[in-house]
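> pasting the structure only:
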């Protein structure tokens, strides 16, 4: 049985021969990527010409997944054949995305993403970014959105320069496009609780009793979107938050549940200190990594002055949403 490093070395050397004659000028290029907050060994299979051209979408596979399969049966040829088939399929599918995978397409399909500032410092030092509230904005290039999900990648400094933009240019595009491409919707908090209990097999009588005990009066909402993907970016839009004021007829607190969802609670229903404590306790128990974690603070949006305010245990500061 080969060690991980031995496996990678042999895999890189032998893989091109399993891809067939149509890929005779291609080679394996290894690199590191950040996937869900974890640095992973990845590779692309690429020609020298394509490797110089950022204007390409390249299928990416991961050594650790292949090695895990190899450990189970010890058959290197079987793994090489299987991965070669997957790569050939990926290249076939890539042809249908050619129009999306060009730099001009990027200029009209940039979205913002909010990440914790700690996460940004750890993983995104070579990526365009800016501070917002107590978090950090980074940028993604959306290649495709369909019923199966949002297909996108984080824009690094090299790609930003290749497309002829600076961070300010990315920000201007992202502010115009994020809300439009991702879309936001609100779901009543009691519906979220009801659906969660149904999935856990709680009987209907108990669910009804619990929902009635919440007495939510439609003043608590979850901000999300169709794909439950980066809906925390709703914080960037003052016009959207202002419409929520009209909907619940009060100012409200915003709890950043994760990078994907926000919890809105009417200021008539809540104690600031209790909300902050519960939010931080949940963060400690819920997040094993900082990939989906956004902030330990909560926010307040005023009904009277349309300002978004950070609330922490010691201080608060006023920040303008766009």
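Okay, I see it. Here the structure is a predicted model, which means the values were calculated and not measured.

> Where does pLDDT dip in the stretch 51-200 of the chain?
Counting by pLDDT under 70, the ranges of the stretch 51-200 of the chain that qualify are 51-57, 93-102, 193, 196-197, 199-200.

> what do you get if the cut-off is 80, keeping everything else the same?
Across the stretch 51-200 of the chain, the ranges flagged by pLDDT under 80 are 51-59, 89-105, 148, 189-200.

> Now do the helices in it.
Secondary structure of the stretch 51-200 of the chain (DSSP state H, counting those that start in this stretch): helices located at 63-73, 76-94, 103-107, 117-123, 157-162, 167-182, 189-199.

> and the closest residue in space to residue 160 that isn't next to it in sequence, how far is that from residue 104?
Spatial nearest neighbour of residue 160, excluding adjacent residues (CB to CB, 6 or more residues apart in numbering): residue 128 at 5.2 Å. (Each C-beta comes from the backbone N, C-alpha and C, glycine too.) For residue 128, the distance to residue 104 equals 19 Å [CB to CB, to the nearest Å].

> Look at the two and report which has more neighbours.
A direct count of neighbours by other CB atoms under 10 Å for residue 128 and residue 104 places residue 128 higher, at 22 against 10.

> Let me know the distance separating the more buried one from residue 226.
Going from residue 128 to residue 226 by CB to CB gives 27 Å.

> Same check on residue 290?
Between residue 290 and residue 226 the computed distance is 25 Å (CB to CB).

> Of these two, which one has the most company?
Each of residue 290 and residue 226 has its neighbours counted (other CB under 10 Å); residue 290 has more, 17 against 14.

> Setting aside sequence neighbours, what's the nearest residue to that one?
Nearest-residue entry for residue 290: residue 119, 4.7 Å, with adjacent residues in sequence omitted and distances by CB to CB, 6+ apart.

> And residue 228, by the same measure?
Nearest one to residue 228, counting by CB to CB, 6+ apart, is residue 260 at 5.1 Å.

> Report the secondary structure state of the one you found.
Secondary structure state of residue 260, per DSSP: H, G, I helix; E, B strand; the rest coil, is coil.

> Quick one: residues contacting it.
Contacts for residue 260 (CB atoms under 8 Å, 6 or more residues apart in numbering) come out as 224, 228-232, 292.

> Can you get me the start-to-end distance on stretch 241-261?
Terminal residues of stretch 241-261 lie 14 Å apart, using CA to CA, to the nearest Å.

> sorry, back to before: which one of the helices of the stretch 51-200 of the chain lies nearest to residue 23?
Nearest to residue 23, of all those, is helix 76-94, at 8.3 Å by CB to CB.

> who's in contact with the closest one?
Identification of contacts with helix 76-94 by CB under 8 Å, 6+ apart yields 2, 7, 10-11, 14-15, 18-20, 45, 57-59, 61, 66, 69-70, 101.

> Can you go through these and name the buried ones?
Listed as buried from the contacts of helix 76-94 are 7, 11, 15, 18-19, 45, 57-59, 66, 70, 101; burial here means 16 or more other CB atoms under 10 Å.

> What is the nearest of those to residue 158?
Closest approach between the buried ones among the contacts of helix 76-94 and residue 158, by CB to CB: residue 58, at 14.1 Å.
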